[in-house]
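Enquirer: I would like the atomic coordinates for the input below:
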Amino acid sequence: MSKSTATAHRVSRVRRLLFLPLCVAGVPLACSSQATDEPDASTDRPDYRQQLIDLCADAQPEGENGWPHLMEAVQRMEQVLAGYPLPDFERRDDWDDGQPDFWRILAPIEDQSDDVTLELRALEQMEEAGVFTLIDRAARCPRFVRPIPEDQLLALSEASTAYASSMRTMTRTLRASVHLAAEEREKGQLVSGFERASTIGRAASHQPSAIEWLSGGALSRGAIMQIREMIADGRLMPEAFPTLLDLLRQHQIGSLARACEAERLRLLDIVDRTYSLDDSGDGTIDPEAMRALSLGFGSEPEDRGSGFGFKPEDRASGSDTPGLFATRREMVGRINDFYKPFIEAARRSRYERPPLPFDEDTFVNNLGTRYAYLRIMLPSVGKMIDQMDEYQAIKIGTQTMLALEIHRAREGSYPETLAVLTPDILSAVPLDPFDGRPLRYRLLEDDAFGREYELYTVGMDGKDDNGTYNLEYPQNALGDCNAEGLDYPFNLPSDVIED
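Expert: Here you go, the predicted model:
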């Protein structure tokens, strides 16, 4: 089942592919560093790399850095997978390419063989290679900080894309191990698998780029959704409930506000490297610097520069053509105008958040060709904020479901109200991140799905619709479209819960 998504026009297909590869969410955490404007009249070039290093250093606790352990685990995983297909490879079905496909364990598709011998063998090889031991070591570390490129921050985004792909593969293997542990009723393996998967998400989301925040949020959300589905389906052993609840309490993805500030600094660094700086603090574009960064100018007429609205003869003139390109001060101003409202919004819960001063697509479309490469590089931050809200709701809902199961295991039935769960199981009644009121909860009789209770959030529209949901696409209530008049029930069976 696929989620309905908005079909609003995007200014650039390249922009969409670069910055919206995943469906993710996040939680609004405090971001201590404030957005810093470049001075209007200064001949001193700002050190954006150092500002980014300081931003990262202040955002996580002191202690051992777990990033090197994760990178070693990724390298060992890739070495194992590089050995496939095996020399005696024989296709299991039309879908088989000889590579381990862990979706065969998690969610096999129609007409796909149920033979997962290859996947089990790959998991065993990763265990023997010490992959999971390294992730366990990383899980005990309080911070995840990776090196910032020495030359320029554009390289940070390129490296982030590669890291995100490896992290997704790693998390898929871990979720497969959780699925197998649940089938075998092995509590220790199940808890370890979830902790490892959530560690990957936490580590990725704390890195200074939008793509990694998106990836980390998606990985964390997927791991939590897996636990939530197991609870709803009755496949999770009761003895695992307390440990999983403790792990969820401790799990926090990185701050979206910090990720947006990191992206702002990255774009300002690109402007600094592609524009001159005169005595007034302004400057003009440097075509040679643009070519060096592959941004808007190319050495041949047919390459990417002509796709941004530039004529070949214009590209050669560059700063000698008045008004053809935005000035340095104009570029800095537009970047700050775009990011600052989103950074402030990301610090607040949805019900506390004032309306944004502009629609981001309209903002980008109105920039015009003078800001051509800026139009492509600005990410879709508004959707990231929506996903942050969704992640927070899913995490709170899953915590509450675990608390309800702990109460039933102790007392033999579900409580009349969520307040009964406090303070022994939960410290406070869980609040709905969409309206700030307690999550909606009620006991049920003769439910069509056999549920004994219903737990739901009011969803993106912020209104309680008495538990009304879209049975085919329940996730619509958490999306940025089709949410009106819908709530989102957390404890639907897995055949109607979207992952």
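Enquirer: can you tell me the element the residue most central in space within the chain falls in?
Expert: A centroid search over the chain (CA atoms, centre = their mean) returns residue 214, at 2.4 Å, as the residue closest to the centre. Per DSSP states H and E, residue 214 falls inside helix 210-233.
Enquirer: name the next helix or strand downstream of that helix, please.
Expert: As the chain continues past helix 210-233, the following element, by DSSP H and E, is helix 241-250.
Enquirer: buried sites along that next one?
Expert: Within helix 241-250, the residues that count as buried by 16 or more other CB atoms under 10 Å are 241, 243, 244, 245, 247, 248. All C-beta spots, glycine's among them, are computed from the backbone N, C-alpha and C.
Enquirer: could you export the residues you listed to a markdown table, including columns for pLDDT and distance to residue 183?
Expert: A markdown table is the format used below for those (pLDDT from 0 to 100; distance: CB to CB, whole Å):
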| residue | pLDDT | distance to residue 183 |
| --- | --- | --- |
| 241 | 96 | 18 |
| 243 | 97 | 19 |
| 244 | 97 | 17 |
| 245 | 97 | 22 |
| 247 | 96 | 20 |
| 248 | 95 | 22 |
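Enquirer: tell me the one among the residues you listed nearest to residue 224.
Expert: residue 248 (7.1 Å; CB to CB).
Enquirer: any idea how far the residue nearest to the closest one when sequence neighbours are not counted is from residue 270?
Expert: Among residues not flanking residue 248 along the chain, residue 399 sits closest, at 5.0 Å (CB to CB, 6 or more residues apart in numbering). Taking CB to CB, to the nearest Å as the measure, residue 399 falls 41 Å from residue 270.
Enquirer: at which residues are the helices of the stretch 51-200 of the chain located?
Expert: Using DSSP state H, counting those that start in this stretch, the helices found in the stretch 51-200 of the chain span residues 67-81, 103-106, 117-128, 131-139, 154-184, 187-205.
Enquirer: isn't residue 325 right next to residue 287, touching?
Expert: No - Residue 325 lies out of contact with residue 287 (CB atoms under 8 Å); the separation is 9.3 Å.
Enquirer: so between those two, which is more surrounded?
Expert: Neighbours per residue (other CB atoms under 10 Å) separate residue 325 from residue 287, with residue 325 holding more: 26 against 20.
Enquirer: not counting sequence-adjacent ones, nearest residue to that one?
Expert: In space, residue 325 is closest to residue 285, 4.5 Å off (CB to CB, 6+ apart).
Enquirer: in the stretch 251-400 of the chain, where is pLDDT below threshold?
Expert: For the stretch 251-400 of the chain, applying pLDDT under 70 flags the ranges 293-323.
Enquirer: thinking again about what came up before, let me know how buried the residue nearest to residue 325 is, in neighbour terms.
Expert: 24.
Enquirer: what's near enough to touch residue 194?
Expert: 178, 223, 226, 227, 244, 247 (CB atoms under 8 Å, 6 or more residues apart in numbering).
Enquirer: quick one: pLDDT of the fourth one?
Expert: Think residue 227. Confidence at residue 227, expressed as pLDDT, is 96.
Enquirer: what about it, distance to residue 277?
Expert: Note on residue 227: its distance to residue 277, by CB to CB, is 52 Å.
Enquirer: tell me which of these two has more neighbours.
Expert: Neighbour count, other CB under 10 Å: between residue 227 and residue 277, residue 227 has more, with 26 against 17.
Enquirer: surely the more buried one meets residue 244?
Expert: Yes - using CB under 8 Å, residue 227 makes contact with residue 244 at a distance of 6.1 Å.
Enquirer: overlap in contacts, those two.
Expert: Taking CB under 8 Å, 6+ apart as the contact rule, the neighbours common to residue 227 and residue 244 are 194, 236, 402.
Enquirer: measure how buried the second one is and give me the count.
Expert: Using other CB under 10 Å, residue 236 has 23 neighbouring residues.
Enquirer: not counting sequence-adjacent ones, nearest residue to it?
Expert: Leaving aside its chain neighbours, residue 236 sits nearest to residue 230 (4.0 Å; criterion: CB to CB, 6+ apart).
Enquirer: tell me, how many neighbours does that neighbour end up with?
Expert: 20.
Enquirer: could you do residue 90 as well?
Expert: Applying other CB under 10 Å, we find 8 residues neighbouring residue 90.
Enquirer: give me every residue that touches it.
Expert: Contacts of residue 90 (CB under 8 Å, 6+ apart): none.
Enquirer: quick check: phi and psi on residue 487?
Expert: phi -110, psi 170 (degrees, to the nearest 10).
Enquirer: and it, what pLDDT?
Expert: On the pLDDT scale, residue 487 gets 92.
Enquirer: got it, and residue 482?
Expert: For residue 482, pLDDT reads 71.
Enquirer: from residue 261, how far out is it?
Expert: 31 Å.
Enquirer: quick one: residue 436 and residue 351 touch, right?
Expert: Yes - Residue 436 lies in contact with residue 351 (CB under 8 Å); the separation is 4.5 Å.
Enquirer: pLDDT below threshold where in the stretch 1-150 of the chain?
Expert: 1-44, 150.
Enquirer: re the thing from before, any idea how far the helix holding residue 214 is from the middle of the chain?
Expert: The chain centroid and the centroid of helix 210-233 are separated by 9 Å under CA atoms, centre = their mean, to the nearest Å.
Enquirer: do stretch 198-217 as well
Expert: Worked out by CA atoms, centre = their mean, stretch 198-217 lies 6 Å from the chain centre.
Enquirer: ends of it, what's the gap?
Expert: Stretch 198-217 stretches 10 Å from its first residue to its last (CA to CA, to the nearest Å).
Enquirer: same thing with stretch 357-375?
Expert: First-to-last distance for stretch 357-375 - CA to CA - comes to 18 Å.
Enquirer: what comes up buried for that stretch?
Expert: Buried residues in stretch 357-375 (16+ other CB under 10 Å): 360, 363, 364, 367, 370, 371, 372, 373, 374, 375.
Enquirer: wait, the first one touches residue 384, no?
Expert: Right, residue 360. No - applying CB under 8 Å as the test, residue 360 and residue 384 come out as separate, 10.3 Å apart.
Enquirer: for the two, list the residues in contact with both.
Expert: Counting by CB under 8 Å, 6+ apart, residue 360 and residue 384 have no common neighbour.
Enquirer: show me which of the contacts of residue 194 is closest to residue 254.
Expert: residue 223 (15.4 Å).
Enquirer: tell me the pLDDT of the closest one.
Expert: 95.
Enquirer: the residue nearest to it when sequence neighbours are not counted: neighbour count?
Expert: Among residues not flanking residue 223 along the chain, residue 197 sits closest, at 4.0 Å (CB to CB, 6+ apart). Residues contacting residue 197 under the criterion other CB under 10 Å number 27.
Enquirer: so residue 197 touches residue 218, yeah?
Expert: No - Residue 197 is beyond contact range of residue 218, at 11.5 Å (criterion: CB under 8 Å).
Enquirer: what about the strands in the stretch 351-499 of the chain?
Expert: 440-443, 453-457, 488-489 (DSSP state E, counting those that start in this stretch).
Enquirer: okay, those, which one's buried deepest?
Expert: strand 488-489 (a mean of 25; mean count of other CB atoms under 10 Å).
Enquirer: could you say what helices and strands it packs with?
Expert: When contacts are defined as 3 or more CB pairs under 8 Å, 6 or more residues apart in numbering; DSSP states H and E, strand 488-489 packs onto strand 453-457.
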